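Visitor: This is the structure alone, sequence omitted:
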């Protein structure tokens, strides 16, 4: 019996099912989800964060096309940017009362921030803002300035000056950095978001797997750059976006081992993909204002092979073990630097050559929260690495484990990255993680 037609049908079935994949909402339905999530976040997340940061008034200022990174997460789904000068005023009156949310701007900002300024009625915008602040007499007024976190440093020098010129001098000493409040707002995930985040990461996983398949790759012809641009086109076909250009690279025995800096510099070189290659991809999407970040590997089968060589499979297992070591040290209140040091020490004790460069994920790709190492800062990251780990936060578990492959006559890095959620007690992968290489082709040729 000729089995070739069966294999073709199997491949068609597999990839047609893959293309169908998880549901991707049309734009109108996405907008409704985003707006509902925003309402829930303001009502359930923001009050506790303001009290944790000991800030009872938060003022967020942006000018059109020069937006504070934080304000974008407060804008309704139909706004692409701030309008003119948009000022949001959030006040906690205390005693368990709901937050007051005002837009000191020409327009209300969605359903949450009610318009609180009319030029013809209230006069100049900055003066009216100062009047609203005086009326509420806050103890601590938070502005988004920070030396450590760019995401919490959104107020421009001009806006900072205009704010202080308008504010009565007796209130100047009450102005503080809203750094911890801004980071807390950006990093905290809600149950509603996490219920859907799993599907977002699943979509990313399926696109990644489709790209690392013989539906896209013809060994001996297709280049790594071809696959990168295939990802860009595929993302657009699905009406999604990405926050960085994907990278695809190939490793094989005759490619000299290089350090991480050289590897990163060459990540977008066009290399013809060949049988026996170990492929690596770094890929992410943006959907419903949430981001993914994934790194996985595929192996291109040689004739007569049905799986990757055992040495490479063992190297992947070491990478998985390093992931377990890292997430095993996630504990509420520990700093990124503390988690990094503990992980590297345990990896060394277990004989794993490791590098950790894990970061938060969420509203941004390299998101708000504790940095757990950088590839070129394995001794700790001042500032960002000192920030503590909080519950209900998501993180891209990004690292590599280096293993000597004797048949290749060099060390091979297994570079992995998977999105995970920390609930305060446990860390789990949002949509699982890679434990076996993707194989190209998926079904070995019939002998």
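Guide: Received the coordinates, thanks. Small disclaimer: the values here were computed from a predicted structure and weren't measured.
Visitor: and residue 299, what are its bridge partners?
Guide: Note on residue 299: beta-bridge partners residue 278, residue 439, judged by DSSP bridges.
Visitor: again, but for residue 413
Guide: residue 402.
Visitor: wait, doesn't it sit right on residue 404?
Guide: No. If you go by C-beta atoms under 8 Å, residue 413 and residue 404 don't touch, sitting 11.2 Å apart. Backbone N, C-alpha and C define where each C-beta goes, glycine included.
Visitor: which residues are contacting the helix or strand harbouring residue 201?
Guide: With secondary structure defined by DSSP states H and E, residue 201 is part of helix 191-211. With contacts defined as C-beta atoms under 8 Å, 6 or more residues apart in numbering, helix 191-211 is touched by 15, 18-19, 21-24, 33, 36-37, 40, 189, 216-217, 227, 230-231, 234-235, 238, 240, 248, 281, 283-285, 287-288, 290, 292, 294, 296, 394, 419, 421, 430-432, 438.
Visitor: Contacts for whichever helix or strand comes after that helix, please.
Guide: Counting by DSSP H and E, the next helix or strand C-terminal to helix 191-211 is helix 224-237. The contact list for helix 224-237, computed with C-beta under 8 Å, 6+ apart, reads 207-208, 210-212, 216-217, 241-242, 245-250, 268-271, 273, 279, 281, 283, 285.
Visitor: Now the buried members of the residues you listed.
Guide: 207-208, 210-212, 216-217, 242, 246-250, 271, 273, 279, 281, 283, 285 (16 or more other C-beta atoms under 10 Å).
Visitor: how near is the nearest residue to residue 162 once chain neighbours are set aside to residue 252?
Guide: Sequence neighbours aside, residue 126 is the residue nearest to residue 162 in space, at 5.4 Å (criterion: C-beta to C-beta, 6 or more residues apart in numbering). Distance of residue 126 to residue 252, computed by C-beta to C-beta, to the nearest Å: 62 Å.
Visitor: Equivalent analysis for residue 26, please.
Guide: The value you get for residue 26 to residue 252, if C-beta to C-beta is used, is 43 Å.
Visitor: Next: residue 95.
Guide: From residue 95 across to residue 252, the span is 67 Å (C-beta to C-beta).
Visitor: Look up the closest residue to residue 74, ignoring the ones flanking it.
Guide: That would be residue 88: by C-beta to C-beta, 6+ apart, it lies 6.0 Å from residue 74.
Visitor: do residue 238 as well
Guide: Using C-beta to C-beta, 6+ apart, the nearest residue to residue 238 is residue 24, at 5.8 Å.
Visitor: And the host helix or strand of residue 399, what's buried?
Guide: Using DSSP H and E, residue 399 falls within strand 393-405. Neighbour counts over strand 393-405 (16+ other C-beta under 10 Å) mark 393-403, 405 as buried.
Visitor: Widest-spaced pair of these?
Guide: 393 and 405 (35.8 Å; C-beta to C-beta).
Visitor: Can you report how many residues lie near residue 425?
Guide: 9 (other C-beta atoms under 10 Å).
Visitor: Please enumerate the helices of this protein.
Guide: 4-20, 27-44, 46-52, 119-122, 125-136, 157-166, 179-187, 191-211, 224-237, 260-265, 310-328, 336-349 (DSSP state H).
Visitor: Quick one: closest of those helices to residue 355.
Guide: helix 260-265 (7.0 Å).
Visitor: Not counting that closest one itself, show me its contacts.
Guide: 249, 355, 375-376, 413.
Visitor: ChimeraX command for the buried members of the residues you listed?
Guide: The buried residues among those can be selected in ChimeraX (16+ other C-beta under 10 Å) with this line:
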select :249,355,375,413
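Visitor: Could you dump the contacts of helix 260-265 into CSV with distance to residue 387 and pLDDT added?
Guide: Shown next, in CSV, are these (distance: C-beta to C-beta, whole Å; pLDDT from 0 to 100):
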residue, distance to residue 387, pLDDT
249, 31, 96
355, 20, 98
375, 19, 95
376, 19, 96
413, 27, 97
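Visitor: Check the residue nearest to residue 238 and give its pLDDT.
Guide: pLDDT, residue 24: 96.
Visitor: how close does residue 435 get to residue 297?
Guide: Distance from residue 435 to residue 297, by C-beta to C-beta: 11 Å.
Visitor: any low-confidence regions in the stretch 51-200 of the chain?
Guide: By pLDDT under 70, the stretch 51-200 of the chain has no low-scoring segment.
Visitor: for the stretch 251-400 of the chain, that is, sorry about that
Guide: Applying pLDDT under 70 to the stretch 251-400 of the chain picks out residues 265-268.
Visitor: what two of the contacts of helix 260-265 are the furthest from one another?
Guide: Longest distance between any two of the contacts of helix 260-265 is 18.4 Å, between 249 and 376; criterion C-beta to C-beta.
Visitor: what's near enough to touch residue 252?
Guide: 274, 276-278, 408.
Visitor: how near is it to residue 59?
Guide: 56 Å.
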